[in-house]
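Student: just a sequence and a predicted model for now, questions to come.
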Amino acid sequence: MDSQVQGDVSFIDLLQGDAEMDNSFLDESQQASMSIDHSQPQVVTARTKKPQRGTNFSTEEDKLLVSSWLNVGMDAVQGADQKHRQFWERVHKYFHEHKEFPSDRNYGSLMNRWSTIQKSVTKFTACLSQIEHLNQSGTTEHDKIQKAKCVFRSENNDVAFPFEHCWNLLKGEQKWLHHGNKDKRRRRSSMETSANVTHTPDSINEGEGDNVSHGNNVDFERPIGRKAEKANRKRKERPSEDVVEFMKKKTECLEEARVQGEEIIRLEKEKLQLEQKDREKIMDIELKKLHLQEFELQQKMDMERQKLQAEQMDREKIMDFERKRLHLQGLEREEKMDIERKKLQSEQLDREERTMILDTSKMTEVQQQYWKARQNEIKECQESRKST
């Protein structure tokens, strides 16, 4: 029996811890501790029957869940005196009323998913706070976030931060900041008293229904209550003379501001006109300067062109002179070659004539045959020259 009671207490403490993290907007002085009821079928079912795991949450579902938690929690009229279950039933209703994608998440699935998101985002916020406290110069906001991701990974068994899309929605919301500071104070108080207090089943205060205890040691400024919010709305619905006077003064201030604004605009226009005239004068001077530079450049180009033309003419004269000189040299070479050719021909004729009139009577028979053959060759050559 004692072991069963201890098991029920552990399960209820777990639910109580999640409820305290979720319902930071509730009035702490009106909440009581969750009671132990061994006859509750819900607790027995949760301990004995393990629910089947559904599909993973998508990014759109996470964002809508965070938006639902913020919107339901920040409703000043309805969000102050809610029980834990009532709060999550309203979150479940808001989720399914505003979804734009297929989803059949139930009450418990949304609550468990928020617990996972809350735990991970809280750890990442602590990592980012450590990086910001270092106050490193030259570090941008993006650099701090990247370093915080590295710290988160190193402190969570090399697991990356998976809920940056949720953190981006929560980081600037007053409800989340109030919730995070409140959770820090609760943990600090728990650490201070855990060494001296032993938790037993008898030490757990009994409450009613699903109310969740949040402790009484938080001195944060509580959000506006339901009655105050209703009173504010009634005052807005019934304008009084103070409101009329205020609107009159506001109208006068706006008119004065409009006149001042028009005067400022007029002065700005005059200033812009003067600046425009100065710019036009400067542009005119620069334009004249550019024209002058262009004229000087054109003159230089003309002079260079004339110089190149003169050099070209000189080169053409030199080349013409060289061509004539080479032509004369060729003629001289041809004349010399013609003279040499005629000289060789004359010598050839002289040798042939001497060969033809050579007396072979006193020669041997072999010599006579040789010279006879030579004479025949000469005759053939002479005939061939005559024919050509």
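Tutor: Nice, thanks for sending it over.

Student: look up the pLDDT of residue 203 for me, please.
Tutor: Looking at residue 203, its pLDDT reads 33.

Student: swap in the one 5 residues further on?
Tutor: Taken from the predicted model, the pLDDT recorded for residue 208 is 32.

Student: equivalent analysis for residue 190, please.
Tutor: 53.

Student: kindly report the same for residue 314.
Tutor: Predicted confidence (pLDDT) for residue 314: 94.

Student: give me the element it is part of.
Tutor: helix 241-356 (DSSP states H and E).

Student: what's that helix packed up against?
Tutor: Where contact means 3 or more Cβ pairs under 8 Å, 6 or more residues apart in numbering; DSSP states H and E, helix 241-356 is packed against helix 365-387. The C-beta positions use only the backbone N, C-alpha and C, and glycine is treated the same way.

Student: ok, and what's touching the helix it packs on?
Tutor: 352, 355, 356, 358, 360, 363 (Cβ atoms under 8 Å, 6 or more residues apart in numbering).

Student: now with 7 Å, please.
Tutor: Taking contacts as Cβ atoms under 7 Å, 6 or more residues apart in numbering, the residues outside helix 365-387 that touch it are 352, 355, 356, 358, 360.

Student: for stretch 57-68, same thing?
Tutor: For stretch 57-68, the surrounding residues in contact (Cβ under 7 Å, 6+ apart) are 91, 94-95, 98-99, 101, 103, 105, 110, 113-114, 117, 163, 165-166, 169-170.

Student: pull out the buried members of the residues you listed.
Tutor: Applying a neighbour-count criterion of 16 or more other Cβ atoms under 10 Å, the buried members of these are 91, 94-95, 103, 105, 110, 113-114, 117, 163, 166, 169-170.

Student: buried set for stretch 370-384?
Tutor: Neighbour counts over stretch 370-384 (16+ other Cβ under 10 Å) mark 371, 375, 378 as buried.

Student: just give me the closest of those to residue 262.
Tutor: Among the buried residues of stretch 370-384, residue 378 lies closest to residue 262 (Cβ to Cβ), at 129.9 Å.

Student: any idea how far the closest one lies from residue 102?
Tutor: Counting by Cβ to Cβ, to the nearest Å, the separation of residue 378 from residue 102 is 125 Å.

Student: average pLDDT for stretch 368-383?
Tutor: The average pLDDT within stretch 368-383 is 86.

Student: ok, now stretch 160-176?
Tutor: Mean pLDDT, stretch 160-176: 88.

Student: how long is that stretch end to end?
Tutor: The first residue of stretch 160-176 is 22 Å away from its last residue (Cα to Cα, to the nearest Å).

Student: now stretch 155-169
Tutor: End-to-end for stretch 155-169, by Cα to Cα: 23 Å.

Student: which residues touch it?
Tutor: 59, 62, 63, 66, 67, 117, 120, 121, 124, 149, 152, 153.

Student: what two of these are the furthest from one another?
Tutor: Longest span within the contacts of stretch 155-169, Cβ to Cβ: 67 and 153, 27.1 Å.

Student: the two: who's more crowded?
Tutor: Neighbour totals were compared for residue 67 and residue 153, and residue 67 leads with 17 against 14 (other Cβ atoms under 10 Å).

Student: and the more buried one, what element?
Tutor: helix 59-73.

Student: now the element after that helix, going C-ward?
Tutor: Counting by DSSP H and E, the next helix or strand C-terminal to helix 59-73 is helix 84-98.

Student: what helices or strands is that next one leaning on?
Tutor: Under the contact definition 3 or more Cβ pairs under 7 Å, 6 or more residues apart in numbering; DSSP states H and E, helix 84-98 sits against helix 59-73, helix 107-134.

Student: check contacts around residue 74.
Tutor: Going by Cβ under 7 Å, 6+ apart, residue 74 touches residue 175.

Student: and it, how far from residue 90?
Tutor: Residue 74 is 12 Å from residue 90, by Cβ to Cβ.

Student: and residue 159, by the same measure?
Tutor: As judged by Cβ to Cβ, residue 159 and residue 90 stand 32 Å apart.
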